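> give me coordinates for this.
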Amino acid sequence: MGKIRLIQTTVLYCCMGYFSFRGNIAAVIMTSTFILVPYLEERRCEMSYKNNEGYSDPTAGKAVRAAGRMPTHIYNAFCVLNNTAGLLGLEITGIRDRKTGKEWKK
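All right, here's what the predicted structure looks like:
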């Protein structure tokens, strides 16, 4: 909640600085609402994992998302390979780890 409040006050102060010049306080509220609503909806979707009983379970949700995500070191190698192949007009559509045998499609 602290991060959302910090973003909200930062956006509000930026908007107030802009709109106080014009003297329209209603525009400040409208602008901060339009900027914050998509951010809050994104956060809500991110934490919407529920267990079998219907209760929110953010720890299990993080684990499920992490299981399907490509590790950072493999993602970096994938980007380098894809950019190099792009110079030749090719595209890398998947990558497989030799040790684990796990495959990631892009």
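> quick one: Asn51 and Pro58 touch, right?
No: with contact defined as Cβ atoms under 8 Å, Asn51 and Pro58 do not form a contacting pair (10.4 Å). Any C-beta I mention is one placed from the backbone N, CA and C, and that applies to glycine too.
> ok, which stretches of the protein are strands?
Along the chain, counting by DSSP state E, strands occupy 94-96, 103-105.
> the last one pairs with which strands?
For strand 103-105, the pairing partners within the sheet under DSSP bridges are strand 94-96 (antiparallel).
> and the partner strand, average pLDDT?
The average pLDDT within strand 94-96 is 91.
> residues in contact with it?
Ile74, Ala77, Phe78, Leu81, Lys102, Glu103, Trp104, Lys105, Lys106 (Cβ atoms under 8 Å, 6 or more residues apart in numbering).
> find the nearest non-adjacent residue to the fourth one, please.
Taking Cβ to Cβ, 6 or more residues apart in numbering as the measure, Leu81 lies nearest to Ile92, with 5.2 Å between them; neighbours along the chain are not counted.
> what do you get for Trp104?
The shortest distance from Trp104 to any non-neighbouring residue, by Cβ to Cβ, 6+ apart, is to Met70 (4.7 Å).
> how close does that neighbour sit to Tyr55?
Taking Cβ to Cβ, to the nearest Å as the measure, Met70 falls 29 Å from Tyr55.
> go on, Ala85?
Distance from Ala85 to Tyr55, by Cβ to Cβ: 45 Å.
> out of those two, which sits in the more crowded spot?
Between Ala85 and Tyr55, counted using other Cβ atoms under 10 Å, the more crowded position is Ala85 (13 against 7).
> name the residues of stretch 54-64 that are buried.
By neighbour count on 16 or more other Cβ atoms under 10 Å, the buried set for stretch 54-64 is Asp57, Gly61.
> list the contacts of it.
For stretch 54-64, contacts defined as Cβ under 8 Å, 6+ apart pick out Met47, Ser48, Tyr49, Lys50, Asn51.
> likewise for stretch 68-85?
For stretch 68-85, the external contacting residues (Cβ under 8 Å, 6+ apart) are Glu91, Ile92, Ile95, Asp97, Trp104, Lys106.
> many thanks, we can stop here.
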